[in-house]
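K.L.:
prediction below, plus the sequence it came from.
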Amino acid sequence: MNRQPLSAIAAPRGLVGGPFGSSLVNADYTLEGVPVIRGANMSAGRFIGGEFVFVSPEKFTRDLSRNHAVPQDIIYTQRGTLGQVALVPRGVQETFVVSQSQMRLRVDPNRAVPEFVYYASTTADFLRQIEDRAISTGVPHTNLGILAELTIPLPPLAEQQAIAEVLGALDDKIAANASLASTADELSLGQFQSFLRDGELAERATADVATVVLGGTPSKAISGYWTNGTVPWLNSGELNATRVLEPSALITEEALSKSAAKMMPPGATLIAITGATLGQIARLEIAASGNQSIVGVWSEDPIMSVWLYFALRARRDQLLTRATGAAQQHVSKADVAQLQIPVPSRETLWTFGQYAIPLLNLATNAERESIALAATRDALLPHLMSDKLRVRDAESAASAAGL
């Protein structure tokens with residue numbers, strides 16, 4: 001397939017970096033105005049998103065108008081987490097500012113389809129080009145000159161559009177599922193909070209109403225205990241999501257038997273107790289074990305396990321007040337076990353369960369479907385970009401995945 005550098009598909013003055021350092025500093029940020037695209041806005045999926053900071057319209061007009069982005073522009077990370085790329089969405093905001101750590105590409109519509117260029121910029125081949133050309137002195141970074149030279153496959157416009165539509169449909173469904181799961185979780189939380197506010201609840205130590213276990217580390221004498229394992233194994237970094245549906249690794253049963261870690265059932269609440277993820281809470285949707293950075297909490301009563309998930313979230317700030325450590329903050333299993341949580345009557349618990357359990361199941365099923373859709377998208381992407389797969393066949397594969 002024909003390949004072209006990004007410079008060949010850019011509109012006039014389409015490749016733009018962020019402003020000079022002194023032109024945009026923290027003191028320039030305001031509560032409203034023109035949003036600034038920073039690294040934190042590059043990890044929300046296909047489109048920029050998350051919490052934005054702003055600059056005033058006057059600041060934008062005076063110092064930053066050259067460093068702007070508009071819908072359909074493509075944003076690349078220049079320093080920090082290299083390889084991040086995102087589109088500026090339509091219908092949200094007409095103008096953005098590109099920060100010092102980002103670069104913007106505006107494509108010539110006669111040469112390329114922005115959504116296609118975005119997907120081409122997420123391939124392993126494109127990421128390798130960035131890695132090979134990155135400047136490693138200090139913080140790893142690239143620049144506009146490097147970005148301009150990076151190449152992507154460039155089929156005819158009609159084919160670009162067709163490829164972008166197939167992959168975009170998968171991402172649209174993933175985004176819809178994420179919204180559905182978030183709404184289901186918020187509704188369940190709202191119901192919990194209404195009982196917390198209006199119900200007659202007793203305060204009990206977590207260990208009085210639930211099983212509390214600490215993860216462990218397998219014996220170092222077992223070599224290669226991650227190889228060919230069958231038992232799902234977790235670490236605290238996986239608790240950034242609301243629900244844990246897939247493990248990062250599989251451990252052998254022999255290694256687990258020589259570890260202090262215990263198997264935790266579906267429905268358990270996981271709490272990260274150390275390091276950067278301290279206080280992260282997620283609901284486990286598979287049977288799994290984990291390392292010593294995780295505490296698991298559950299009840300034999302599945303409705304109580306659901307209540308515990310929300311009760312521990314409600315008491316997260318209280319748990320964090322127990323954190324100790326200078327270099328790395330942490331809490332202990334005992335801190336979790338002794339944490340006072342609200343406990344309802346059996347009638348209140350049953351009423352809550354009838355409302356919350358179907359919603360949590362809906363959220364879990366939506367996220368499981370998204371995992372399958374993302375796997376399909378990632379499998380199709382390199383084949384579509386290399387012309388090894390026809391769009392019609394890709395559409396069939398997407399349909400089979402549940403689109």
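P.N.:
That came through, no problem.

K.L.:
OK, contacts around residue 140?
P.N.:
79, 80, 82, 134 (CB atoms under 8 Å, 6 or more residues apart in numbering). Quick note: C-beta positions are derived from backbone N, CA and C, even for glycine.

K.L.:
closest to residue 174 out of the residues you listed?
P.N.:
Residue 174 has its nearest neighbour among these in residue 82, at 23.8 Å by CB to CB.

K.L.:
and residue 88, how many neighbours?
P.N.:
23 (other CB atoms under 10 Å).

K.L.:
I meant residue 50, not that one.
P.N.:
Quick note: residue 50 (other CB under 10 Å) scores 12 neighbours.

K.L.:
confirm it sits in a helix?
P.N.:
No - the assignment for residue 50, made by DSSP: H, G, I helix; E, B strand; the rest coil, is coil rather than a helix.

K.L.:
tell me who's in contact with residue 188.
P.N.:
310, 355, 356, 359, 360.

K.L.:
look up phi and psi at the third one.
P.N.:
This means residue 356. Phi and psi for residue 356, reported as degrees, to the nearest 10, are phi -80, psi -40.

K.L.:
gap between it and residue 174?
P.N.:
For residue 356, the distance to residue 174 equals 24 Å [CB to CB, to the nearest Å].

K.L.:
ok, then the element right after the longest helix along the chain?
P.N.:
Longest helix in the chain by number of residues (criterion: DSSP state H): helix 157-198. Moving toward the C-terminus from helix 157-198, the next helix or strand (DSSP states H and E) is strand 202-205.

K.L.:
mind listing residues that contact that next one?
P.N.:
Applying CB under 8 Å, 6+ apart, the contact partners of strand 202-205 are 337, 338, 339, 340, 341, 342, 343.

K.L.:
which of these fall within strands?
P.N.:
340, 341, 342, 343 (DSSP state E).

K.L.:
got a PyMOL select line for the buried ones in those residues?
P.N.:
Typed into PyMOL, the line below selects the buried ones among the ones in strands among the contacts of strand 202-205, using 16 or more other CB atoms under 10 Å:
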select buried, resi 341+342+343
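
K.L.:
quick one on the thing from earlier: pick the one among the contacts of residue 140 closest to residue 229.
P.N.:
residue 82 (31.6 Å).

K.L.:
what sits against that closest one?
P.N.:
Contacts for residue 82 (CB under 8 Å, 6+ apart) come out as 130, 131, 134, 140, 141, 142.

K.L.:
buried subset of the residues you listed?
P.N.:
Applying 16+ other CB under 10 Å to the contacts of residue 82 flags 130, 134, 141, 142 as buried.

K.L.:
which of those sits closest to residue 302?
P.N.:
residue 130 (46.7 Å).

K.L.:
remind me which helix or strand the closest one belongs to.
P.N.:
Using DSSP H and E, residue 130 sits within helix 124-133.

K.L.:
farthest-separated two in the contacts of strand 202-205?
P.N.:
Checking the contacts of strand 202-205 with CB to CB, the most distant pair is 337 and 342, at 16.2 Å.

K.L.:
where are the low-confidence patches of the stretch 101-250 of the chain?
P.N.:
223-227 (pLDDT under 70).

K.L.:
and the closest residue to residue 332 other than its chain neighbours, what does it touch?
P.N.:
Leaving aside its sequence neighbours, residue 332 sits nearest to residue 273 (CB to CB, 6 or more residues apart in numbering; 6.9 Å). Contacts for residue 273 (CB under 8 Å, 6+ apart) come out as 236, 293, 294, 295, 330, 331, 332, 333, 335, 336.

K.L.:
CA atoms only: put the strand or helix carrying the fourth one into PDB for me.
P.N.:
I take that to be residue 295. Using DSSP H and E, the element containing residue 295 is strand 294-298. Taking Å, rounded to 0.1, in the frame of the first residue of the first chain, the C-alpha atoms of strand 294-298 are listed here in PDB:
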ATOM      1  CA  ILE A 294      -4.600  -5.700  47.500                       C
ATOM      2  CA  VAL A 295      -7.100  -6.500  50.200                       C
ATOM      3  CA  GLY A 296     -10.300  -8.300  49.300                       C
ATOM      4  CA  VAL A 297     -13.600  -8.000  51.100                       C
ATOM      5  CA  TRP A 298     -16.700 -10.100  50.600                       C
END
